[in-house]
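**Q** kindly generate the corresponding structure for this input.
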Amino acid sequence: MEKSGIYPLKKKELFELFDELHKTKNLLIDIVQKENHGALINFKSEFIEELYEIEKDNFPDFKKKIFYLLNILKNLS
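**A** Next comes the predicted model:
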């Protein structure tokens, strides 16, 4: 049983997750180049900034930042 209550990611899953996050970053960059929408530009900037912060943070900070990004995305719709 886990003490922290956080889903235990395996190293492979973590690398796959970051691979998908970087693919998302590249997709956002491509979309923003075609669609010059203010909210989307702001989201892209926030996403990229948080992604780089996540990569250097520990796991609990990572979880908080993922929820932060999901809330930003939810507010865009």
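
**Q** grab the nearest non-local neighbour of residue 21.
**A** Excluding the flanking residues, the one nearest residue 21 by CB to CB, 6 or more residues apart in numbering is residue 51, at 5.6 Å. C-beta here means a position set from N, CA and C on the backbone, and glycine is covered the same way.

**Q** give me phi/psi at residue 23?
**A** When read as degrees, to the nearest 10, the backbone of residue 23 gives phi -60, psi -40.

**Q** do residue 37 as well
**A** Dihedral angles (degrees, to the nearest 10) for residue 37: phi -100, psi 130.

**Q** so what pLDDT did it get?
**A** pLDDT for residue 37: 80.

**Q** how near is it to residue 52?
**A** Separation of residue 37 from residue 52 (CB to CB, to the nearest Å) stands at 23 Å.

**Q** follow-up on the earlier one: helices or strands next to the host helix or strand of the residue nearest to residue 21 in the packing?
**A** Taking DSSP states H and E as the criterion, residue 51 maps to helix 38-56. Packing contacts for helix 38-56, counted by 3 or more CB pairs under 8 Å, 6 or more residues apart in numbering; DSSP states H and E, involve helix 11-34, helix 59-76.

**Q** which parts of the longest one are buried?
**A** For helix 11-34, the neighbour count (16 or more other CB atoms under 10 Å) marks 21, 28, 32 as buried.

**Q** list the contacts of the second one.
**A** The neighbourhood of residue 28, defined by CB atoms under 8 Å, 6 or more residues apart in numbering, consists of 40, 43-44, 47-48.

**Q** number of nearby residues for the closest residue to residue 46 other than its chain neighbours?
**A** Excluding its sequence neighbours, the residue lying closest to residue 46 (CB to CB, 6+ apart) is residue 72, at 5.8 Å. Close neighbours of residue 72, defined as other CB atoms under 10 Å, add up to 15.

**Q** distance of residue 72 relative to residue 33?
**A** From residue 72 over to residue 33 the distance is 20 Å, taken as CB to CB.

**Q** can you check residue 21 too?
**A** With CB to CB as the criterion, residue 21 and residue 33 are 19 Å apart.

**Q** quick one: the helix or strand of the chain with the lowest mean pLDDT to helix 38-56, angle?
**A** The helix or strand of the chain with the lowest confidence, counting by mean pLDDT, DSSP states H and E, is helix 59-76 at a mean of 72. Computed by axes from the mean of the first three to the mean of the last three CA atoms, to 10 degrees, the angle separating helix 59-76 from helix 38-56 equals 170 degrees.
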